[in-house]
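K.L.:
Mind folding the following:
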Amino acid sequence: MVNESVTREVLESYDFRKLFKSKGYVYFSNGLYNLNIIGIRTNKTNLVTNLFDDYLIVIYNSAIKNGDHVTSRRIYPITTEPGLYYMNKPMNVKGAAILVPNQYRGAYKMDYYKGYQALVQKRPVKVYRDNNKDNVYDLNPETTEEGMFGLNIHKSNDYKIAAKVNKWSAGCQVFSNPIDFKSFITLCEKQKDNYGNSFTYTLLNEKDLV
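P.N.:
Purely as a prediction, here's the structure:
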């Protein structure tokens with residue numbers, strides 16, 4: 001891959017099944033609406049851009065045609081990192097939480113977050129802690145901790161596409177566009193109906209896509 005950030009065109013055709021196999025991750029390919037929910041962190045410099053410049057991809061079988069599954073793929077702009085506000089004013093004395101790339105099996109469930117349905121953390125996840133307020137994401141393995149931190153997957157707001165992350169994320173995975181989020185939650189509802197209220201989230205760095 002070139003040195004530029006990963007593009008939507010790359011993500012539209014990328015073979016995530018092969019990548020997951022190489023990492024020992026589970027890739028869901030059986031049944032309809034058995035979602036692979038994948039975050040792509042695109043920040044090569046680790047500077048706090050305060051932008052929704054990451055991606056969330058959902059890959060799933062949407063139908064059966066002539067006996068074969070029809071695979072669909074949705075790509076949404078999100079942030080996988082805290083906004084500038086919480087990088088400078090962390091909610092935890094240890095520092096701002098930045099989710100560590102990994103596959104988090106069954107770590108989320110559909111539940112209410114601030115009065116609406118979102119994917120809410122139900123099992124421990126691992127985070128880096130950044131407490132030096134220098135506008136750089138410090139991904140130091142020595143600062144990691146695992147636990148229940150309320151790192152959810154939710155929307156920024158109800159009304160418009162958010163341009164800046166700011167207070168919308170203190171470490172959660174957050175959609176900039178409420179219409180995109182509605183589309184995502186509709187898919188989650190279908191998975192819940194078919195397989196129960198448990199969702200796996202896999203966070204990757206763009207450098208993994210080589």
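K.L.:
Longest helix in this structure, please.
P.N.:
Secondary structure of the chain per DSSP state H: the longest helix is helix 178-195.
K.L.:
which element follows that helix toward the C-terminus?
P.N.:
strand 199-205 (DSSP states H and E).
K.L.:
what about Asp111, which helix or strand?
P.N.:
Using DSSP H and E, Asp111 falls within strand 102-113.
K.L.:
if I read this right, Val136 contacts Glu81, doesn't it?
P.N.:
No. Using C-beta atoms under 8 Å, Val136 makes no contact with Glu81, being 11.1 Å away. Backbone N, C-alpha and C define where each C-beta goes, glycine included.
K.L.:
of those two, who's got more company?
P.N.:
More crowded of Val136 and Glu81, by other C-beta atoms under 10 Å: Glu81, with 29 against 13.
K.L.:
Spell out the secondary structure type for the more buried one.
P.N.:
coil (DSSP: H, G, I helix; E, B strand; the rest coil).
K.L.:
if I look at Ser176, how far off is Lys160?
P.N.:
9 Å (C-beta to C-beta, to the nearest Å).
K.L.:
swap in Tyr25?
P.N.:
Separation of Tyr25 from Lys160 (C-beta to C-beta) stands at 35 Å.
K.L.:
for Thr42, same thing?
P.N.:
23 Å.
K.L.:
Those two - which one has more neighbours?
P.N.:
Neighbours per residue, other C-beta under 10 Å: of Thr42 and Lys160, the larger number sits with Thr42, 18 against 11.
K.L.:
Correct me if wrong: that one contacts Glu206.
P.N.:
Yes. Contact criterion C-beta under 8 Å: Thr42 and Glu206 qualify, at 4.8 Å.
K.L.:
list residues touching both of these two?
P.N.:
Overlap of the contact sets of Thr42 and Glu206 (by C-beta atoms under 8 Å, 6 or more residues apart in numbering) consists of 5-6.
K.L.:
residue contacts, the nearest residue in space to His154 that is not next to it in sequence?
P.N.:
Nearest in space to His154, with sequence neighbours left out and distances taken as C-beta to C-beta, 6 or more residues apart in numbering, is Ala118 at 4.0 Å. With contact taken as C-beta under 8 Å, 6+ apart, Ala118 is in contact with 110-112, 152-155, 185.
K.L.:
Scan those residues and report the most crowded one.
P.N.:
Ile153 (25 neighbours).
K.L.:
ok, what's across the strand from that one?
P.N.:
Leu119, Gln173 (DSSP bridges).
K.L.:
A helix includes Tyr76, no?
P.N.:
No. In this structure, Tyr76 is strand, not part of a helix, as judged by three-state DSSP.
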